[in-house]
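Student: one predicted model, sequence on top.
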Protein chains: 2
Amino acid sequence: MQRYFLNRDALANDHVVLPADIAHHIGTVLRGQPGYRLVLLDGEGYEYEAEVVTLEKKSGTVRVIEKRPATTELPIEVTLAYALPKGDKVELVAQKATELGVHQLLLFESKRSVAKWDAKKAPKKVERLQKIMQEAAEQSYRAIVPTCSYISSRELSRQLETYDAVVVAYEEEAKQGEKAAFATVLQTLRPGAKLLLIVGPEGGFDEGEVIEWTERGAQACAFGPRILRSETAPLYALAAISYALELT
Amino acid sequence: MQRYFLNRDALANDHVVLPADIAHHIGTVLRGQPGYRLVLLDGEGYEYEAEVVTLEKKSGTVRVIEKRPATTELPIEVTLAYALPKGDKVELVAQKATELGVHQLLLFESKRSVAKWDAKKAPKKVERLQKIMQEAAEQSYRAIVPTCSYISSRELSRQLETYDAVVVAYEEEAKQGEKAAFATVLQTLRPGAKLLLIVGPEGGFDEGEVIEWTERGAQACAFGPRILRSETAPLYALAAISYALELT
């Protein structure tokens, strides 16, 4: 069934008025008719199976048949802090990290980030990523839409202490054959824990950055013995978290 | 250090003649000089640290300083059989699967594959993917270059019995909340085992296809409760394999 996120207030009653874009999508793109079944999500952990009652070109109503908790979220809240990479890799990461269960995406400029976002451009770029993440969340059966923000690296450092654990992807660890650190961190996390995952740009992190974070409690980790590209490392980490906490 | 795959025969002596493209890359792209250190790989599990002795525009020689086993391969051999997806997603998968340690990539046309490769086009496309995989193998410190081939779905079925285990990514299992199958299969595998991972196109597999493979011993698995896109599923599986077998 097709899934759409909706404002929670819109879902207060059994009869729900569809926004114009969703009515249009159901009627024109999916060729739905009255009786068409769909799932609405409140973005706060519940899904509502519903049936179309009326449908016009740009409006429509549905009747809620069943409200139930959505069970597709990771048992821990993973925030990915991703240093701006070159080109459009950030879009790939936003989409894939959403599919893989990320809770929040923080973008920041690290010392070796070649790409820079000026204060004027950033809000538009964040908005575009947020849209990509909403679509990915609907397609992948997420219960919430992860949020995206652009923050300074100073703000990132300040936030470190608000997490239960912080992991830094550091390729020097991979080259030196480090193996156990990531799994050891994951084993300490209980359901509901907040994990921050910091991943660098193409050239990796500056040693000074890594030292600053590890002094604040972060753990430098390798994601296997191979050297992963900047955009592959967060996907490895999220898949491994799902495997460790959802499948074993 | 920059890494290049070379024919094994070229590495028989301590002094190695560089092919024109590698000499050009070192001299023109990387601005290397005599004394420049690099790593040559024989594609069969050994790496050779070497130093440039002479360097012209399109030729050069290096002296091997140390031969050592490369230790960046997964402990099992993973073959990914990937049903042709739309557009250029197959290139993304070829690159990322190589970074994540795949041993072999088999492409095939499944019942719901929208993309078709005719017999004329296929060799050129495979050649292009093979080039992407060689570059990814060099960048990610792989010890071998995974191979890529295009096979019929009949040939794929015939090959099933040559593997120690076969896993099919099947989203119906994810929707039904299946959890343990993938980890259970991984736990049975000993070092050197051969695992075949079959991943479908955008619309997933036809039920008949899955039944045919499971009757031949394949295990239908979910990769977590979220619904992954066709190109994300193989990356999840490879990252999980690395996590399970290399980091824990």
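Tutor: Everything's here; your move. Numbering: from 1, shown residues only, chains lettered A, B, ... in the order given.

Student: ok, A:Ala183 touching B:Ala244?
Tutor: No: with contacts counted by Cβ atoms under 8 Å, A:Ala183 stays clear of B:Ala244, the gap being 9.4 Å. Using the backbone N, CA and C atoms, a C-beta is placed for each residue, glycine as well.

Student: quick check: which element contains A:Thr54?
Tutor: strand A:46-55 (DSSP states H and E).

Student: next, see if that strand gets close to chain B.
Tutor: No: for strand A:46-55, no contact with chain B is found by Cβ under 8 Å from any Cβ of the partner chain; the gap never falls below 12.7 Å.

Student: what's in contact with that strand?
Tutor: A:1, A:3, A:11, A:15-16, A:23, A:26-27, A:32-42, A:60-70, A:143 (Cβ atoms under 8 Å, 6 or more residues apart in numbering or on different chains).

Student: rewinding a little: so A:Ala183 and B:Ala244 - more neighbours on which side?
Tutor: B:Ala244 (20 against 16; other Cβ atoms under 10 Å in any protein chain shown).

Student: across the sheet, point out what pairs with A:Arg68.
Tutor: Beta-bridge partners recorded for A:Arg68 (DSSP bridges): A:Glu47.

Student: re the thing from before, now the strand holding A:Thr54: buried residues?
Tutor: A:47-48, A:50, A:52, A:55 (16 or more other Cβ atoms under 10 Å in any protein chain shown).

Student: columns distance to A:Glu178 on top of the residues you listed, output as a markdown table?
Tutor: Converted to a markdown table, those look like this (distance: Cβ to Cβ, whole Å):
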| residue | distance to A:Glu178 |
| --- | --- |
| A:Glu47 | 41 |
| A:Tyr48 | 46 |
| A:Ala50 | 49 |
| A:Val52 | 54 |
| A:Leu55 | 57 |
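
Student: quick check, nearest of these to chain B?
Tutor: A:Glu47 (12.7 Å; Cβ to the nearest Cβ).

Student: the closest one and A:Ala136, how far apart?
Tutor: 17 Å (Cβ to Cβ, to the nearest Å).

Student: up against chain B, what does chain A have?
Tutor: A:71-72, A:92, A:96, A:99-101, A:139-142, A:175, A:177, A:179-180, A:182-183, A:223-229, A:232, A:235-237, A:239-240, A:242-244, A:246-248.

Student: now, which of those lie within helices?
Tutor: A:92, A:96, A:99, A:139, A:175, A:182-183, A:235-237, A:239-240, A:242 (DSSP state H).

Student: counting neighbours, which of those residues comes out on top?
Tutor: Highest neighbour count within these: A:Ala239, with 30 neighbours (other Cβ under 10 Å).

Student: residues touching that residue, list them.
Tutor: Going by Cβ under 8 Å, 6+ apart, A:Ala239 touches A:100, B:223, B:235-237, B:239-240, B:243.

Student: coming back round to it: sort out for me which of the contacts of strand A:46-55 are in strands.
Tutor: Secondary structure from DSSP state E places A:3, A:15-16, A:37-41, A:60-69 of those in strands.

Student: show the buried residues in the residues you listed.
Tutor: Those of these that meet the buried threshold are A:3, A:16, A:38-41, A:60-62, by 16+ other Cβ under 10 Å.

Student: tell me, what's the model's pLDDT at the residue lying closest to A:Leu100 once chain neighbours are set aside?
Tutor: Of all residues not flanking A:Leu100 in the chain, A:Leu238 sits nearest, at 3.7 Å (Cβ to Cβ, 6 or more residues apart in numbering or on different chains). You'll see A:Leu238 listed with a pLDDT of 98.

Student: also A:Ala136?
Tutor: 97.

Student: would you agree it is in contact with A:Glu99?
Tutor: Yes: the pair A:Ala136 / A:Glu99 is scored as a contact, 5.5 Å apart, by Cβ under 8 Å.

Student: can I get the CA coordinates of the lowest-mean-pLDDT helix or strand in chain A in CSV?
Tutor: The least trusted helix or strand in chain A, going by mean pLDDT, DSSP states H and E, turns out to be helix A:171-175, with a mean of 80. Provided in CSV are the C-alpha atoms of helix A:171-175 (Å, rounded to 0.1, in the frame of the first residue of the first chain):
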residue,chain,number,x,y,z
GLU,A,171,40.4,5.4,8.0
GLU,A,172,43.7,5.4,9.8
GLU,A,173,42.2,2.9,12.1
ALA,A,174,41.2,0.7,9.2
LYS,A,175,44.8,0.9,7.8
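
Student: where does pLDDT dip in chain A?
Tutor: Within chain A, no range satisfies pLDDT under 70.

Student: neighbours of A:Lys194, just the number please.
Tutor: There are 16 residues near A:Lys194, going by other Cβ under 10 Å.

Student: my error: substitute A:Gln2 in the last question.
Tutor: Neighbour tally, A:Gln2, other Cβ under 10 Å: 16.

Student: residues in contact with it?
Tutor: With the criterion set at Cβ under 8 Å, 6+ apart, A:Gln2 makes contact with A:25-26, A:30, A:38-39.

Student: and if you look at A:Ala218?
Tutor: A:Ala218 touches A:160, A:166-168, A:196, A:198, A:210, counting by Cβ under 8 Å, 6+ apart.
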